Every structure is written in structure tokens, then in C-alpha cells.
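Asker: generate coordinates for the sequence data below:
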Amino acid sequence: MASSPMLATALYDYGSADATHLAFKAGAQIEILRDQEPWALGRIAGKTGWYPAAYARKLPQAPTGGARVALPPSP
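Answerer: I've put the predicted structure just below:
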């Protein structure tokens, strides 16, 4: 079973004249292909490129295999 892709949400706009970089607007969802601080390789809508890792926040990954995580009761 394949694991779900690692995702991030862009915190800031990022643009670059470098064709190997991934441009995006704040709020964009990025699929993380490789994380090599301070850069990450990501994909948005079929376009792949490098971006500053600090410009995006990783999203928590869903558990695999249909397992559910039990949360503690609210106080």
C-alpha cells in the first residue's frame, strides 16, 4: 500500500525567475517530493520545482491502513 503524499500549505507568496524553482501564492497546497532544508522540492498542478522550505508549513499526515488515532477527551 502506498503512503499518502506529504503536503504543505504555502505561508507566503514565492516567485523566482529561475526555471527550476516553484512559484506559488500564499495558501497554495504543495505536494512535497523531497525536503532538504533550507530547500524543498515540490509539485503544484503538475509543475515541479524548488522552493524555500520556510515558506510553507507541513501538514500532518493521515494515518495509513485505515487506522484511527484516538484523541484524549476534552477537559
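Asker: quick one: low-confidence parts of the protein?
Answerer: 1-2, 62-75 (pLDDT under 70).
Asker: all strands of it, in order?
Answerer: Along the chain, the segments classed as strands by DSSP state E run 6-10, 29-36, 39-44, 47-52, 56-58.
Asker: between those strands, which gets nearest to residue 16?
Answerer: Nearest to residue 16 among these is strand 47-52; the distance by CB to CB comes to 8.2 Å. From N, CA and C alone the C-beta is placed, and that goes for glycine too.
Asker: report the buried residues of the closest one.
Answerer: Neighbour counts over strand 47-52 (16 or more other CB atoms under 10 Å) mark 49-51 as buried.
Asker: mind listing residues that contact it?
Answerer: With CB atoms under 8 Å, 6 or more residues apart in numbering as the test, strand 47-52 has contacts from 14, 19-24, 30, 33, 38-42.
Asker: again, 10 Å this time
Answerer: By CB atoms under 10 Å, 6 or more residues apart in numbering, the list of residues contacting strand 47-52 from outside reads 8, 10, 12, 14, 16, 18-24, 30-34, 36-44.
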